[in-house]
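> the following block contains a protein sequence and its predicted model.
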Amino acid sequence: MKDAPTAALVVGPDGLVSGWSESGRLLLGWTAEDAVGRPLTDLLAAPPPPGFSDRFDTGPDHTSPVSLRHRDGSTVDAMMTAHPLGGTEGRALGHVVTVQRWERRPVIADRAFEQCPFALGVYDPELRFLWINASSGRVIAHSEEQVLGRKYREVFPEFDRSLFPERDDKPYTDALAKVARTGEPTRLITVFRPRGSDYANAWATSIWPVRDAEGRVRAVANWGFDMSAEYWARQRLLILNQASGGIGRTLDVVGTAHELARTSVPGFTDLVTVDLFDEVLRGEEPPSPATFAPGDTLTLRRAARHSAQEDTDRHAGPAMPVSHARDSVAARCLITGRSTVQLAAEPSQGGEWAFGPGLAADPAHWPPGNPLIDGSIAADGLTGRITVPLRARGALLGVVTFSRSDRPEAFTADDLILAEELTAKAAIAIDNARRYSRERATALTLQRSLLPQRLPSQEALEVASGYLPTGTDAEVGGDWFDVIPLSGARVGLVVGDVVGHGLHASASMGRLRTAVRTLADVDLPPDELLTHLDDLVLHLASDLQPAGPFQPTGEFGATCLYTVYDPVSRRFTLASAGHPLPLVIAPDGTATPVPAQPGPPLGVGGLPFEATEIEVAEGSLLALYTDGLVASREREVNQGVTELLRVLNRSATSLEDLCDTVMDALLPERRTDDAALLLARTHALNPEHVAGWDVEPDPAEVPRARKFTLDQLDAWGLEEASFVTELVVSELVTNAIRYGAPPIKLRLIRDTSLICEVSDASNTAPHLRRARAFDEGGRGLLLVAQLTQGWGTRHTTYGKTIWCAQALPDPDPEPTPCASDSPTTTP
């Protein structure tokens with residue numbers, strides 16, 4: 001449907017119609033003969049607006065809505081615009097009056113654009129103002145008359161963005177110029193603080209070119225609306241998303257507190273402090289508010305403080321104590337468990353609450369008791385502060401304060417919700433870290449008690465050990481080591497690693513270490529010992545199977561390296577169950593290859609283990625270690641082994657110093673696994689301290705064996721041990737002749753104790769039994785057991801060896817503590 005015509009008429013200074021157009025007839029039905037000479041007011045269907053008649057005397061153009069009377073009696077709503085006519089010498093000749101129906105498209109469009117709540121504006125290609133609506137005038141704080149014909153930068157000079165970063169409108173003017181230059185429409189979101197406003201507003205703006213019939217850009221139009229509510233809601237979601245990935249990355253209480261502070265500054269606030277109870281920092285249960293006595297000052301520790309103004313993150317050093325008086329806001333929040341918002345002044349203008357970002361400054365949105373107008377915080381340079389109790393799983397952990405100082409925006413109710421959300425996320429992470437710290441301390445104490453506190457005294461090896469648990473952000477593992485004295489002056493060296501971390505791994509480590517010691521006491525060869533240990537791990541794994549259909553299945557496994565060094569033969573025997581092989585470094589510094597392959601890890605079952613035996617030179621260095629020492633995120637295992645060999649070749653005054661050097665050089669500060677190291681320097685037993693005789697399987701050889709023994713004791717200056725040793729040798733040799741099989745051999749070893757060994761080719765092991773009153777035998781081993789410190793049977797490839805040991809008359813010095821007692825290498 002086409003637009004209705006625009007009527008044109010001439011009205012004289014006396015208010016009489018003096019000219020009438022054909023469009024007037026089409027619009028109102030009146031002909032020129034009907035209208036000319038009549039007062040214009042006769043055409044009105046209703047009383048004219050106040051002062052209507054005065055407008056036809058003098059004055060500028062003016063438009064007003066009127067109701068006109070159609071010739072058929074109907075009413076026509078229209079917009080009437082009077083244009084003054086002037087003559088010479090300023091004489092008023094009347095007015096040209098145009099009349100347009102109200103429903104006509106240009107009229108309703110003009111009114112729609114003028115009354116639009118969005119900011120609308122039109123510029124020429126030089127960015128001069130051509131038109132703005134009322135909303136745009138309110139945004140720029142200028143009327144249309146003030147800006148028409150002027151360039152944008154003439155009205156609004158460009159701000160120094162270093163002084164006024166919040167008032168940067170350059171992206172907007174750049175976009176206007178680009179559209180005028182290219183003719184391509186664009187959209188953008190700008191964030192700036194309008195003149196006279198305390199809030200930074202976000203505006204969504206669309207800019208497009210206005211072309212003439214030939215397609216030339218004749219103007220640039222734009223519209224924009226305040227999307228601050230949506231924008232700041234999105235910013236809060238972004239902060240929460242950042243908090244989800246940035247808070248709780250470590251299992252460290254203080255570290256998590258600093259993550260909360262860093263996440264909130266500067267996007268949300270200018271200063272954050274996190275105060276925690278001392279019990280939380282120690283991993284203990286925090287106090288209950290019911291235990292706070294009236295009038296008491298609450299003492300917490302400042303775990304974190306981060307300021308945008310100072311650009312600091314105080315993380316170094318211990319958490320300093322902070323006191324909160326009973327009547328302080330922080331203390332009330334801790335006692336009541338409710339957050340408090342303090343504002344330096346009421347955010348109002350003319351008595352009305354100012355609507356800030358998110359339209360949440362309305363008092364109706366605030367929870368009861370908030371906000372609290374407290375002018376005292378202005379003395380600290382603050383415009384607002386939010387204090388939130390830090391609670392998780394019903395436990396009160398501390399208090400967090402969010403403060404604003406640089407920005408003038410007052411906190412809103414949405415800001416309180418954001419502060420509580422951030423605190424809730426951090427509270428869960430801090431409580432998890434607290435519980436982890438407690439469990440880790442328990443596991444560390446358990447592991448410390450299960451590891452050897454002192455290495456046993458023996459002369460076959462000089463030994464040093466080192467152990468370091470994982471970093472504070474990881475659970476304790478199940479690495480262990482041990483040094484086990486064996487019969488015949490031999491020594492067993494063992495290292496192992498239990499799969500997993502935590503209390504379960506520490507407890508499993510203790511069970512395996514005990515099992516290895518038990519199996520070693522019966523002198524099992526390394527491969528047989530690992531076979532029995534593998535069976536044990538299989539049984540332990542079956543114990544971890546779920547007792548019900550909804551319980552998770554536990555996993556259990558381990559690796560182990562068991563070795564035996566014989567100082568008499570200088571033979572080094574080893575077997576591995578999935579564990580890295582030891583390093584053997586000769587006295588000249590060259591690495592001796594170990595021709596062995598690790599067997600399957602413990603717990604696989606059904607696969608054999610192989611023992612390898614090599615001869616090592618006296619003074620060789622043996623290095624047994626767990627994979628946590630050589631493997632890390634920064635390097636592969638082979639690189640770690642190469643580095644370990646390089647460090648082991650360094651000169652050191654003692655094995656303890658070398659052990660510390662290795663641990664410092666190879667272990668990063670942030671460890672994800674335990675690391676154990678066992679170093680041993682081999683000694684060879686003096687040949688003069690070993691004496692052996694071949695014994696014929698004849699009872700007549702027993703007196704000769706006693707004589708050989710007494711002669712050797714005399715040569716060693718051990719006459720005081722002659723009586724017991726003669727009796728023991730007599731019993732053991734007699735049993736070997738009577739119940740064993742040739743060849744039979746007697747050997748005496750002078751080590752830290754006096755060792756007597758009788759070997760034969762029989763695999764039958766003797767055992768103690770109670771002899772009856774009239775039995776002629778059965779008392780020999782009982783005598784041996786009573787007269788010596790210990791005795792046992794060791795099976796060999798060619799038979800068995802019965803041994804016993806007795807203390808030497810001159811006791812050895814106190815055993816030297818192992819390296820694990822050093823503060824730098826123990827858990």
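Looks like it arrived, so ask away.

> contacts for the host helix or strand of residue 122?
If you go by DSSP states H and E, residue 122 is part of strand 119-123. Outside strand 119-123, the residues within contact range by Cβ atoms under 8 Å, 6 or more residues apart in numbering are 113, 129-133, 135-136, 139, 152, 176, 180, 203, 210, 219-225. Yep, even glycine has a C-beta here, placed from its N, CA and C like the rest.

> again, only using 7 Å
Under the contact criterion Cβ atoms under 7 Å, 6 or more residues apart in numbering, strand 119-123 has outside partners 113, 129-133, 135-136, 139, 176, 210, 219-224.

> the stretch 251-400 of the chain: helices as residue ranges?
Using DSSP state H, counting those that start in this stretch, the helices of the stretch 251-400 of the chain run over residues 253-264, 278-281, 329-336.

> break the chain into its domains for me.
7-106, 116-226, 231-441, 451-546+554-682, 689-807 (automatic domain parsing).

> just put those in TSV and tack on mean neighbour count.
Formatted as TSV, those follow (neighbours: other Cβ atoms under 10 Å):
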stretch	mean neighbour count
domain 7-106	16
domain 116-226	16
domain 231-441	18
domain 451-546+554-682	19
domain 689-807	17
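
> save these as JSON lines, and put in mean pLDDT too.
Compiled in JSON lines, those are given as follows (pLDDT from 0 to 100):
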{"stretch": "domain 7-106", "mean pLDDT": "80"}
{"stretch": "domain 116-226", "mean pLDDT": "82"}
{"stretch": "domain 231-441", "mean pLDDT": "82"}
{"stretch": "domain 451-546+554-682", "mean pLDDT": "83"}
{"stretch": "domain 689-807", "mean pLDDT": "83"}
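
> pull up the pairing partners for the strand holding residue 122, direction included.
strand 129-132 (antiparallel), strand 217-226 (antiparallel) (DSSP bridges).

> can I get those in a markdown table with distance to residue 321?
Shown next, in a markdown table, are those (distance: least, Cβ to Cβ, whole Å):
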| stretch | distance to residue 321 |
| --- | --- |
| strand 129-132 | 60 |
| strand 217-226 | 47 |
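
> the lengthiest helix in the chain - contacts with which helices or strands?
As assigned by DSSP state H, the longest helix anywhere in the chain is helix 413-450. Judged by 3 or more Cβ pairs under 7 Å, 6 or more residues apart in numbering; DSSP states H and E, helix 413-450 is in contact with helix 228-246, helix 253-264, strand 384-392, strand 395-404, helix 503-521.

> toward the C-terminus, what is the element adjacent to that helix?
Of the helices and strands lying after helix 413-450 in sequence (DSSP H and E), the nearest is strand 461-468.

> the next helix or strand after that following strand to helix 503-521, inter-axis angle?
Downstream of strand 461-468, the next assigned helix or strand under DSSP H and E is strand 478-485. Inter-element angle recorded for strand 478-485 and helix 503-521: 20 degrees (by axes from the mean of the first three to the mean of the last three Cα atoms, to 10 degrees).

> so which elements touch strand 478-485?
strand 461-468, strand 491-498, helix 503-521, strand 675-682.

> and that strand, which strands flank it?
Partners of strand 478-485, by DSSP bridges, with direction: strand 491-498 (antiparallel).

> how far out from the middle of the chain is the strand it pairs with?
34 Å (Cα atoms, centre = their mean, to the nearest Å).

> now do stretch 700-720
71 Å.

> and stretch 480-494, by the same measure?
On the basis of Cα atoms, centre = their mean, stretch 480-494 sits 42 Å off its chain's mean C-alpha point.

> can you check stretch 265-281 too?
Distance, centroid of stretch 265-281 to centroid of chain: 16 Å (Cα atoms, centre = their mean).

> show me what that stretch is in contact with.
Stretch 265-281 has contacts (Cβ under 7 Å, 6+ apart) with 239, 253, 257, 260-261, 264, 285-287, 300-309, 319, 322, 397-407, 418, 430, 434.

> so how far is residue 458 from the nearest residue to residue 787 once chain neighbours are set aside?
Nearest residue to residue 787 in three dimensions, chain neighbours excluded: residue 724, at 5.0 Å (Cβ to Cβ, 6 or more residues apart in numbering). Separation of residue 724 from residue 458 (Cβ to Cβ, to the nearest Å): 22 Å.

> now do residue 209
94 Å.

> same check, this time on residue 585
21 Å.

> ok, the spatially most central residue of the chain - contacts?
Centroid-nearest residue in the chain, with Cα atoms, centre = their mean: residue 249, separated by 0.7 Å. Counting by Cβ under 7 Å, 6+ apart, residue 249 touches residue 259.

> where does it sit: helix, strand or coil?
Of the three states, residue 249 takes coil under DSSP: H, G, I helix; E, B strand; the rest coil.

> next, it: phi, psi?
With angles defined as degrees, to the nearest 10, residue 249 sits at phi -70, psi -20.

> ok, now residue 265?
Dihedral angles for residue 265 - degrees, to the nearest 10 - are phi -120, psi 130.

> spit out the contact partners of the closest residue to residue 371 other than its chain neighbours.
Spatial nearest neighbour of residue 371, chain neighbours left out: residue 341 (4.1 Å); criterion: Cβ to Cβ, 6+ apart. Residues counted as contacts of residue 341 (Cβ under 7 Å, 6+ apart) are 370-372, 386, 411, 416.

> let's go with 8 Å and repeat that
For residue 341, counting by Cβ under 8 Å, 6+ apart, the contacting residues are 366, 370-372, 384-386, 411, 415-416.

> quote the end-to-end distance of stretch 590-597.
21 Å (Cα to Cα, to the nearest Å).

> give me the contact list for that stretch.
Outside stretch 590-597, the residues that reach it (Cβ under 8 Å, 6+ apart) are 574-576, 581-586, 610, 612, 614, 616, 620, 645.

> 6 Å instead, please
Outside stretch 590-597, the residues within contact range by Cβ atoms under 6 Å, 6 or more residues apart in numbering are 581, 584-586, 612, 645.

> among those, name the ones in strands.
Within the contacts of stretch 590-597, residues falling in strands by DSSP state E are 584-585, 612.

> which one among these gets closest to residue 143?
Closest approach between the ones in strands among the contacts of stretch 590-597 and residue 143, by Cβ to Cβ: residue 585, at 91.3 Å.

> measure that closest one to residue 579 for me?
Residue 585 is 19 Å from residue 579, by Cβ to Cβ.

> what do you get for residue 336?
Taking Cβ to Cβ, one finds residue 336 at 57 Å from residue 579.

> do the same with residue 11
Taken as Cβ to Cβ, the span from residue 11 to residue 579 is 111 Å.

> equivalent analysis for residue 220, please.
With Cβ to Cβ as the criterion, residue 220 and residue 579 are 76 Å apart.

> just residue 619 next, same as before
Applying Cβ to Cβ, the value for residue 619 to residue 579 is 25 Å.

> would you check that residue 212 makes contact with residue 218?
Yes. The pair formed by residue 212 and residue 218 meets the contact definition of Cβ atoms under 6 Å, at 5.0 Å.

> okay, the strand holding residue 122 in CSV with CA atoms only?
What follows is strand 119-123 as a C-alpha-only set of coordinates in CSV (Å, rounded to 0.1, in the frame of the first residue of the first chain):
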residue,chain,number,x,y,z
ALA,A,119,21.4,4.9,20.8
LEU,A,120,21.0,5.8,17.1
GLY,A,121,23.2,8.2,15.1
VAL,A,122,24.1,9.2,11.5
TYR,A,123,27.4,10.7,10.4
